[in-house]
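Undergrad: structural data only, the sequence is not supplied:
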């Protein structure tokens, strides 16, 4: 055997080694993330049946709840959201909608609800004009709503949500039974369009990888996050930690995560449970809204700093696009380096766990199974979103949301 032949065989062996290493790494990643992010079955909201008159009388001994809804330019969502909140079967609650300087029809729609809805006596509309320096819009709106609230518990919910009639009562009862100080629900996502179904599973993958529900619910873990679409918190706890008036929370764009972090660091009990079927949300209407919404949070919501973000920018294409390209690469190389049988085995090693995880995730999100094939497209788009978000924040270009700019260098 000549020296050149030995070198060629060594090169082939190394190429096959790295291909196998990559395939095994991809397969292991999806098996691990599946195990790591699957919520415990008990970590879900247990819906209570509609109460009879006797149960309603007992409700009068339960705490007063102040529901606070920050709303800015929500003309498409506000009727469904506020109507669903005014029709809860819990007896002791008020709804405070904070109109945060809306420039569309939100204000006039709220006026009509305040005059015509059968349960309008529960509704209070607070109108804001200017945003004070140092504040982000949503923390400021919630802060002002809390100042008007009378409840023993506070519920922060978004204007693009809507709620089953028994949602509030179910959440309050379970939060008290579990002795939670902050009780937050994941919402059932409404995903009617192609881009919703393509991108939301990838967003879920990223969020659950960074903030696994089991670790969030583990008091010994430092991992903390909440879903700003539904946060129920004891008022006394909110006031003890300083709420959104704290200097480190006033300007945050990750208001839910950062409040949860403060709650957990202070030693209070955080519970994150699945609210599917009881609270619903349709976050974005089109690709442009999806891009802007996730660009706002992609860099700021990461854990581990700039180095970890750089690793994600490299790793995300490797676990989302690469696994679908590798079989094509092996098809090109198989006559020279890899047999057909080995190529099939390598492809199965990486794609079987990936597709199994995606089928499970699609089922959780009520997305058709075949959207698993859009995994590479979603990975490419989220890589671009994360890259642009990181560049804009690091370079001081800022991120924009609801007509306001944040994290810009003056």
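TA: In hand now; what should we look at? Every value quoted in this text rests on a predicted model; they were computed, and no experiment measured them. Numbers count the residues shown, from 1 in each chain.

Undergrad: what's the weakest-modelled helix or strand in this protein?
TA: helix 53-59 (a mean of 48; mean pLDDT, DSSP states H and E).

Undergrad: now do the contacts for residue 289.
TA: Contact analysis of residue 289 by Cβ atoms under 8 Å, 6 or more residues apart in numbering lists residue 283. C-beta coordinates here come from the backbone N, C-alpha and C atoms, glycine included.

Undergrad: if you set the cut-off to 10 Å instead, what comes out?
TA: 195, 283 (Cβ atoms under 10 Å, 6 or more residues apart in numbering).

Undergrad: do the same with residue 294
TA: 199, 202-203, 206, 283-284, 301, 381-382, 385-386, 389.

Undergrad: could you say which helix or strand contains it?
TA: helix 287-298 (DSSP states H and E).

Undergrad: and that helix, what's buried?
TA: Neighbour counts over helix 287-298 (16 or more other Cβ atoms under 10 Å) mark 290-291, 294-298 as buried.

Undergrad: same question, stretch 199-218
TA: 199-208, 210-217.

Undergrad: same question for stretch 170-190.
TA: Per 16+ other Cβ under 10 Å, stretch 170-190 contains these buried residues: 170-175, 180-190.

Undergrad: just the ones of those residues in helices?
TA: 170-175 (DSSP state H).

Undergrad: chain neighbours aside, what residue packs nearest to residue 245?
TA: residue 143 (5.7 Å; Cβ to Cβ, 6 or more residues apart in numbering).

Undergrad: what's around the one you found, how many residues?
TA: Neighbourhood size, residue 143 [other Cβ atoms under 10 Å]: 20.

Undergrad: that one sits in which helix or strand?
TA: helix 137-148.

Undergrad: can you check residue 66 too?
TA: Applying DSSP H and E, one finds residue 66 within strand 65-71.

Undergrad: next, the angle from that strand to helix 137-148.
TA: 150 degrees (axes from the mean of the first three to the mean of the last three Cα atoms, to 10 degrees).

Undergrad: helices or strands up against strand 65-71?
TA: Counting contacts by 3 or more Cβ pairs under 10 Å, 6 or more residues apart in numbering; DSSP states H and E, strand 65-71 is packed against helix 78-86, strand 93-100, helix 106-116, strand 123-128, helix 137-148, strand 153-157, helix 167-177, strand 230-234.

Undergrad: on that earlier part again, relative to strand 153-157, how tilted is the helix holding residue 143?
TA: 150 degrees.

Undergrad: number of nearby residues for residue 103?
TA: Residue 103 has 11 nearby residues by other Cβ under 10 Å.

Undergrad: cool, and residue 389?
TA: Around residue 389 there are 22 residues (other Cβ under 10 Å).

Undergrad: so it lies in a helix, does it not?
TA: Yes. Remark: residue 389 belongs to a helix, assigned using DSSP: H, G, I helix; E, B strand; the rest coil.

Undergrad: OK, contacts around it?
TA: 291, 294-302, 309, 399.

Undergrad: now the strands for this structure?
TA: 65-71, 93-100, 123-128, 153-157, 161-163, 182-186, 188-189, 230-234, 270-274, 279-281, 397-401, 404-408 (DSSP state E).

Undergrad: what about residue 46, how many neighbours?
TA: For residue 46, the count of nearby residues is 12 (other Cβ under 10 Å).

Undergrad: that one against residue 276, yeah?
TA: No. Taking contacts as Cβ atoms under 10 Å, residue 46 lies outside contact range of residue 276: 12.0 Å.

Undergrad: now the closest residue in space to residue 251 that isn't next to it in sequence: how far from residue 290?
TA: Among residues not flanking residue 251 along the chain, residue 136 sits closest, at 5.1 Å (Cβ to Cβ, 6+ apart). Per Cβ to Cβ, to the nearest Å, residue 136 is found 20 Å from residue 290.

Undergrad: JSON lines for the ones in helices among the buried residues of stretch 170-190, including pLDDT?
TA: Shown next, in JSON lines, are these (pLDDT from 0 to 100):
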{"residue": "170", "pLDDT": "96"}
{"residue": "171", "pLDDT": "97"}
{"residue": "172", "pLDDT": "97"}
{"residue": "173", "pLDDT": "95"}
{"residue": "174", "pLDDT": "96"}
{"residue": "175", "pLDDT": "96"}
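
Undergrad: out of those residues, which is nearest to residue 71?
TA: residue 171 (20.7 Å; Cβ to Cβ).

Undergrad: one step back: next, the angle strand 397-401 makes with the helix holding residue 294.
TA: Using the same axes, to 10 degrees, helix 287-298 lies at 120 degrees relative to strand 397-401.

Undergrad: now helix 287-298: mean pLDDT?
TA: On average, the pLDDT along helix 287-298 is 91.

Undergrad: and that helix, how far from the chain's centre?
TA: 12 Å (Cα atoms, centre = their mean, to the nearest Å).

Undergrad: so it versus strand 404-408, what angle?
TA: Using the same axes, to 10 degrees: helix 287-298 against strand 404-408 is 40 degrees.

Undergrad: residue 218 touches residue 269, doesn't it?
TA: No. Using Cβ under 10 Å, residue 218 is not in contact with residue 269, being 11.2 Å away.
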